[in-house]
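# Output the structure for:
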Amino acid sequence: MRCGARSVAVALLAAVLFGCDGTPESRLRKALASQATGTIHLPGGLIEVSSELQLARGAHDLEIIGAGTVLKASDTFQGRAIVVAEESRRIRFRNFSIDGNRTVLEKPLDLAVGPAPFRASYSANGMWFDRVDGLEISNLHLDRIANFAILISRSSGIAIRQVEVRESGSRNLRGRNNTTGGVLLEEGASNFEVTGCTFENILGNALWTHSFSKSPRAENGLFAGNHFDLIGRDAIQVGHATGVRVEDNIGIRIGFPAEAVDVENQGTPVAIDTSGNVDQSAYARNSFEEINGKCIDLDGFHDGAVRDNLCANHGAAEDYPAGQFGIVINDTNPEMQPVNIEISGNRIRGTKFGGLFLMGSKNRVTGNTFENLDTAGCNENAARFGCLYKKSEPELLQSGIYLARGGSRPVEARGNVIRNNRISGYRMRARCIAAAPGVSLAANVVEGNACADAP
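Got it, this is the predicted structure:
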């Protein structure tokens, strides 16, 4: 842009972003580093970025607005993310795009393990925030990000709206997904919402919270009205959290492509997953189709509700190599007990194995429809589909509802209510509701359930 006479306001903006000295990247970097408050209007067009664009530490009441702007990582990019902010308050981003140049920057990375945050293990992210109070991100497009599209740590007051994330995430040394690609809120995020966003072709988890056991749980969150398509791991995961609502989300092709599924690390894909210690939360009115894994995993979930969700597979068992139960309760985290869970009004269709794996006590399973279950035809097709997962529990994978004696820890299913459910599928008239050896059906209320073989 040619330098010349302008109004004072335009001249000031031009001096910062369009001035005649330096490259567009250097001018933008200077503006972000020097202006701690107010509004920064990004120039239109493509700006190639070679290292992270960091906001002034302590920035507050700052808005960054694009106008056809694309921030693209260069082939030599190095940094935690293209956009970085730390120790900031009330910052807003809207109306621009980020291109992570994944084709060049992606490197094989194994899943981070141990008690450490993900922010310490992954670079070349799209946006990276730490200790931010008041963060709004809206109308952004993030494409081809090498690792996480948005990674937020130790922050609160988060609103992510109408954001699109596509073709992102990296693989591990075996060529499987390593959880990256989507939006991650970790280490005790609070008062957050992610609504109306689109996630397409994400190798790892699309949208999730994560806190390792020694960091605070996430709290008071909402994931609602988001759309998911072609997700390699979990569409949504609520990890180590309290007071999270997952509502009215829609998804298709979860756990695909099948070759990207992290089978070696038991990374079974899930439409709505749970991990850690999760309570006072609700998963309601979500709808997913074509799931190469589980519909809803409740590992660590207690004192909460799973209501009116739909999960449907329309293919044969062979089409879902990582296929599983529809809904699974587990108890990996020692700080919780799988109790007081309401599972009601859900419709689960076309699972490879059973409809519900149930453990714990004081849980209510009412008014659900489990149909076309056990498409694998267990146990008659045991050799073909691995139906005898536990030889000591031969009814496990062939039952509509299976009352377990525990998962990661012994937690017998007793004192539960299983009432007015409709259960149909392969030989379900005879295999409708079963209990593991040592578990008593009589120790639970089982009544009014309709069981039928598949037509």
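# buried ones in stretch 374-383?
Neighbour-count burial for stretch 374-383, counted by 16 or more other C-beta atoms under 10 Å, picks out D374, T375, A376, G377, C378, N379, N381, A382. To be clear about C-beta, it is placed using only N, CA and C from the backbone, and glycine gets the same treatment.
# wait, I meant stretch 36-54
Neighbour counts over stretch 36-54 (16+ other C-beta under 10 Å) mark A36, I40, H41, L42, P43, I47, E48, V49, S51, E52, L53, Q54 as buried.
# cool, and stretch 197-214?
Neighbour-count burial for stretch 197-214 [16+ other C-beta under 10 Å]: 197, 199-212.
# CA atoms only for that stretch, dumped as PDB, please.
Output of stretch 197-214 as PDB, limited to C-alpha atoms (Å, rounded to 0.1, in the frame of the first residue of the first chain):
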ATOM      1  CA  CYS A 197     -19.000 -24.400  15.800                       C
ATOM      2  CA  THR A 198     -18.100 -26.800  12.900                       C
ATOM      3  CA  PHE A 199     -15.400 -29.500  13.100                       C
ATOM      4  CA  GLU A 200     -14.600 -31.400   9.900                       C
ATOM      5  CA  ASN A 201     -11.800 -33.900   9.100                       C
ATOM      6  CA  ILE A 202     -10.100 -33.800  12.600                       C
ATOM      7  CA  LEU A 203      -7.600 -36.600  13.200                       C
ATOM      8  CA  GLY A 204      -7.900 -36.600  17.000                       C
ATOM      9  CA  ASN A 205     -10.500 -35.200  19.500                       C
ATOM     10  CA  ALA A 206     -12.600 -32.400  18.100                       C
ATOM     11  CA  LEU A 207     -13.800 -30.700  21.300                       C
ATOM     12  CA  TRP A 208     -12.800 -31.500  24.800                       C
ATOM     13  CA  THR A 209     -11.800 -30.600  28.300                       C
ATOM     14  CA  HIS A 210      -8.800 -32.300  30.000                       C
ATOM     15  CA  SER A 211      -7.300 -31.900  33.400                       C
ATOM     16  CA  PHE A 212      -4.700 -34.400  34.700                       C
ATOM     17  CA  SER A 213      -5.500 -35.600  38.200                       C
ATOM     18  CA  LYS A 214      -3.400 -33.000  40.100                       C
END
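# which outside residues touch stretch 254-261?
When contacts are defined by C-beta atoms under 8 Å, 6 or more residues apart in numbering, stretch 254-261 is touched by residues 171, 175-177, 203, 228, 230-235, 267-271, 288, 290-293, 320-322.
# Could you tell me the end-to-end distance of it?
10 Å (C-alpha to C-alpha, to the nearest Å).
# Report the distance from it to the chain centre.
Offset of stretch 254-261 from its chain centre (C-alpha atoms, centre = their mean, to the nearest Å): 15 Å.
# Same question for stretch 430-447.
For stretch 430-447, the distance to the chain centre is 33 Å (C-alpha atoms, centre = their mean).
# Contact partners for F385?
F385 touches A317, K352, A376, G377, C378, counting by C-beta under 8 Å, 6+ apart.
# Tell me the first helix or strand C-terminal of the longest helix anywhere in the chain.
Using DSSP state H, we find that the single longest helix of the chain is helix 24-34. Note on helix 24-34: by DSSP states H and E, the next helix or strand toward the C-terminus is strand 38-41.
# who does that following strand pair up with?
Sheet partners assigned to strand 38-41 using DSSP bridges are listed as strand 60-99 (parallel).
# List the buried residues for the strand it pairs with?
Neighbour-count burial for strand 60-99 [16+ other C-beta under 10 Å]: 62, 64, 66, 69-73, 77, 79-99.
# Please identify which pair of the buried residues of stretch 36-54 lies farthest apart.
Distances among the buried residues of stretch 36-54 were taken as C-beta to C-beta; the most separated pair is A36 and E48, at 25.3 Å.
# Next, format the contacts of F385 as JSON lines and append distance to G134, pLDDT and secondary structure.
Formatted as JSON lines, the contacts of F385 follow (distance: C-beta to C-beta, whole Å; pLDDT from 0 to 100; DSSP: H, G, I helix; E, B strand; the rest coil):
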{"residue": "A317", "distance to G134": "49", "pLDDT": "97", "secondary structure": "helix"}
{"residue": "K352", "distance to G134": "45", "pLDDT": "98", "secondary structure": "coil"}
{"residue": "A376", "distance to G134": "49", "pLDDT": "97", "secondary structure": "coil"}
{"residue": "G377", "distance to G134": "54", "pLDDT": "97", "secondary structure": "coil"}
{"residue": "C378", "distance to G134": "52", "pLDDT": "96", "secondary structure": "coil"}
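# Which of those residues sits closest to M336?
K352 (27.3 Å).
# Test my guess that the closest one contacts E318.
No: contact between K352 and E318 fails when scored by C-beta atoms under 8 Å: they sit 9.5 Å apart.
# Looking at those two now, which is surrounded by more residues?
K352 (30 against 12; other C-beta atoms under 10 Å).
# Any figure for the gap between the residue nearest to the more buried one when sequence neighbours are not counted and G315?
In space, and not counting its chain neighbours, K352 is closest to G323: 2.9 Å by C-beta to C-beta, 6 or more residues apart in numbering. Counting by C-beta to C-beta, to the nearest Å, the separation of G323 from G315 is 10 Å.
# that older thread, whichever of the contacts of stretch 254-261 end up buried, select them in PyMOL.
Of the contacts of stretch 254-261, the buried ones go into a single PyMOL selection, burial set by 16+ other C-beta under 10 Å:
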select buried, resi 171+176+177+203+228+230+231+232+233+234+235+267+268+269+270+271+288+290+291+292+293+320+322
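# ok so, going back, need the worst-confidence member of the buried residues of stretch 197-214.
Minimum pLDDT across the buried residues of stretch 197-214 is recorded for F212, with 76.
# Pretty sure that one sits against P117.
Yes: contact criterion C-beta under 8 Å: F212 and P117 qualify, at 7.2 Å.
# A120: neighbour count?
Going by other C-beta under 10 Å, the residues that sit close to A120 add up to 10.
# ok, so what distance separates it from G239?
17 Å.
# now do V246
Applying C-beta to C-beta, the value for V246 to G239 is 12 Å.
# can you check N95 too?
Taking C-beta to C-beta, one finds N95 at 31 Å from G239.
# Then A382?
34 Å.
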